[in-house]
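> Provided below for reference: sequence and predicted model.
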Amino acid sequence: MEESAGVDAPTLSKSKSIALVSTVTGAAFINTLASQSVVIILPTIGHELDIPDSRQQWIVTSYLISFGCFLLIWGRIADIYGKRAIFIWGSLWVTVVSAVNPFIPNEIGFNVLRGLHGFGAAANVPTAIGILGATFSSPGRVKTYAFSAYASGAPLGNICGTLVAGVIAQYTNWKWVFIVQAILAGLITLAGIYCIPQTPCAATVDDTEGLFNRVDWIGGMLITVAIFTLLFSLAEGNIVGWKTPWISVLIVVSLLIVAAFVAWQWYIERKGARPPLVKISLFSNGSFSVAMVAMCFSYASFNNFLVFATYFFQEYQDLSPLQTMYRFIPSALAAASLLFAVPIPTDTNYFAWTFWAMMLCVASMNIVWPCFTLFASNTMPKEDQAMAGALMYVANQLGRAFGLAISTTVQLAVTANALGTSTQDVGAIRAGDLAYLKGIRAASWLDVAFALAAMIMIVPAFWNIERVDKA
């Protein structure tokens, strides 16, 4: 049914190869569209569900946490039961959850569904990379074209997410944004059934012994609890105050659990009883380790740029979702945050500053993402192709989640200081509020620091990479 570790995928014709690449690219497309479309309507959802500004980040973060936590588990399950089945079931899960999500009438339930959305996306996105890696296993131009086409799905999803959300929120009901996501995910599910070839897998679906003995559930539980606890404490610190004792306790506990996860992965890798969730030995490759950290910083800056630009347009400048969409059309170089960090006159013409920030935003991720994709695929052994995709997306999603949590903390702290109050009492955003503008600029300067850190790391990591036509 699926390809097992070490079993070559069948050779496909040109037309079938194109169909396969288009299908898995759709997974990257819908993942990014789901993230960016929600960013555009974030203030709208917040107003509809009566969510305070300090907690609106959870609409984005709940998806990112779930996505990042379950990527590694789904990657390992895909290596056992086959990437095709996991890709299809993950896409189907996203279809159902996306259709239900907008009809949840309260904050907690809505965020839980967002988390369940991330759970399904964590299954279909990294397996897409594994399918490509197994199908186009030999380094060269064909593999490069396939992975580059796949990498185009993310920026296309970003642009389309902006367009779809802006138009829908302006002319209909914001709930249709999620319904459109469900329709697209359903189409990807059907395409996966017909376009991804069936090949032998390492275990059958009813092989429960294989599921429990060959998947590191302990490691999965440890890293999931650690990440959720740390992000929860960072987010809640803005609400209840950083001097609250249990905030410090949660941060310390989460870091201890991370240490326990690393120790456990090292132990089971050496013991060899079952495959670890993450092979700690993979990080002995210095370039790979640096590249993963650089990806975290890159996407922390990139995601924060999009979120705070949305707040700037809709909350500070009091623009509509459609007007915000127009300003996001050029978007999709993390350092573009610099153009929001500098003291731009608030009544300046859009084309004087913001347009160029959005244009730079397009350039960077279209360049960086394909490089990271190919680098991760070529660095990992063939039997761990799904893990390669999982690790790459873990760095991506966790960078977004932690970056947003930290930047929001900075933004609220600076805003509260300008207002002469505590972060708990910042209150709702008012159009033209200079204190709020100071907070946005402070967060943007932090995003600049994230981008510069990534740039400094990437140079040595990629310095000795060969050109594809010489590989």
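Good, I have the coordinates.

> other SSEs contacting whichever strand or helix holds Val94?
Here Val94 sits within helix 83-100, counting by DSSP states H and E. Contact partners of helix 83-100 among helices and strands, from 3 or more C-beta pairs under 8 Å, 6 or more residues apart in numbering; DSSP states H and E: helix 14-40, helix 57-81, helix 107-135, helix 175-195. From N, CA and C alone the C-beta is placed, and that goes for glycine too.

> now do the same end-to-end measure for stretch 171-180.
End-to-end distance for stretch 171-180, by C-alpha to C-alpha, to the nearest Å: 15 Å.

> which of the residues in that stretch are buried?
Within stretch 171-180, the residues scored as buried using 16 or more other C-beta atoms under 10 Å are 174-180.

> so the one residue sitting closest to the centre of the chain is in which element?
Using C-alpha atoms, centre = their mean, the residue of the chain that lies closest to the mean C-alpha position is Gln397, 3.3 Å off. According to DSSP H and E, Gln397 maps onto helix 385-419.

> is it true that Ile193 touches Ile88?
Yes. Between Ile193 and Ile88 there is a contact under C-beta atoms under 8 Å: 5.9 Å.

> with neighbour numbers in mind, choose between those two.
Neighbours were counted for Ile193 and for Ile88 using other C-beta atoms under 10 Å; Ile88 has more, 21 against 15.

> does Ala294 really touch Ile458, like I thought?
Yes. Between Ala294 and Ile458 there is a contact at 4.8 Å, judged by C-beta under 8 Å.

> so where is the stretch 151-300 of the chain shaky, pLDDT-wise?
The stretch 151-300 of the chain contains residues with pLDDT under 70 at 199-212, 238.

> where do the helices of it begin and end?
In the stretch 151-300 of the chain, the helices defined using DSSP state H, counting those that start in this stretch lie at 153-171, 175-195, 208-214, 217-240, 245-271, 286-311.

> need the pLDDT of Pro139.
Looking at Pro139, its pLDDT stands at 67.

> next one: Thr408
83.

> the one 4 residues further on now?
Here the pLDDT value assigned to Leu412 is 83.

> measure how buried it is and give me the count.
23.

> same deal with the one 10 residues further on?
Ser422 sits with 14 neighbouring residues when counted by other C-beta under 10 Å.

> how far away is it from Leu250?
Noted for Ser422: a distance of 20 Å to Leu250, by C-beta to C-beta, to the nearest Å.

> with Pro197 instead?
Distance of Pro197 to Leu250, given as C-beta to C-beta: 46 Å.

> same question, Ile104
Distance, Ile104 to Leu250, by C-beta to C-beta: 26 Å.

> now swap in Ser444 and tell me
Distance from Ser444 to Leu250, counting by C-beta to C-beta: 28 Å.

> who's more crowded, the two?
Ser444 (27 against 18).

> check contacts around the residue lying closest to Trp176 once chain neighbours are set aside.
Using C-beta to C-beta, 6 or more residues apart in numbering and skipping residues adjacent in sequence, the residue nearest Trp176 is Ile168, 4.8 Å away. Each residue near Ile168 by C-beta atoms under 8 Å, 6 or more residues apart in numbering is listed here: 174, 176-177, 180.

> redo those residues as a markdown table? Include distance to Ser281.
Putting those into a markdown table (distance: C-beta to C-beta, whole Å) gives the following:
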| residue | distance to Ser281 |
| --- | --- |
| Trp174 | 47 |
| Trp176 | 48 |
| Val177 | 43 |
| Val180 | 43 |
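
> closest one of those residues to Thr415?
Set against Thr415, the nearest of the contacts of Ile168 by C-beta to C-beta is Trp174 (25.9 Å).

> is it correct that that closest one is in contact with Gly46?
No. Trp174 lies out of contact with Gly46 (C-beta under 8 Å); the separation is 10.9 Å.

> picking that back up, compare Ala294 and Ile458 (neighbour count), which wins?
Between Ala294 and Ile458, Ala294 has the larger neighbour count (other C-beta under 10 Å), namely 24 against 21.

> what separation is there between the closest residue to the more buried one other than its chain neighbours and Ile41?
The shortest distance from Ala294 to any non-neighbouring residue, by C-beta to C-beta, 6+ apart, is to Met457 (4.0 Å). From Met457 over to Ile41 the distance is 34 Å, taken as C-beta to C-beta.

> between these two, who's got more neighbours?
Neighbour count, other C-beta under 10 Å: between Met457 and Ile41, Ile41 has more, with 24 against 20.

> measure the more buried one to Val21 for me?
For Ile41 relative to Val21 (C-beta to C-beta), the value is 31 Å.

> for Ala336, give me the pLDDT.
For Ala336, the predicted pLDDT is 46.

> same check, this time on Asn106
Looking at Asn106, its pLDDT is 91.

> what residues are up against it?
Leu49.

> same deal with the one 10 residues further on?
Contact analysis of Leu116 by C-beta under 8 Å, 6+ apart lists 66, 93, 97.

> at 6 Å what do you get?
Shown in contact with Leu116 (C-beta atoms under 6 Å, 6 or more residues apart in numbering): Val97.

> hmm, what's the outermost residue in this structure?
Distance from the centre of the chain peaks at Gly420, with 35.0 Å (C-alpha atoms, centre = their mean).

> count the residues that sit near Trp89.
Count around Trp89 with other C-beta under 10 Å applied: 19.

> and for it, nearest residue in space, chain neighbours not counted?
Trp89 sits nearest to Ala123 (C-beta to C-beta, 6+ apart), 6.5 Å away.

> which residues touch the one you found?
By C-beta under 6 Å, 6+ apart, the neighbours of Ala123 are 74, 86, 90.

> next: Ile268.
Contacts of Ile268 (C-beta under 6 Å, 6+ apart): Pro276.

> any idea how far Ile280 is from it?
10 Å.

> again, but for Ala182
39 Å.

> with Ile88 instead?
Counting by C-beta to C-beta, the gap from Ile88 to Ile280 is 31 Å.

> same check on Ser17?
If you go by C-beta to C-beta, the gap between Ser17 and Ile280 works out to 35 Å.
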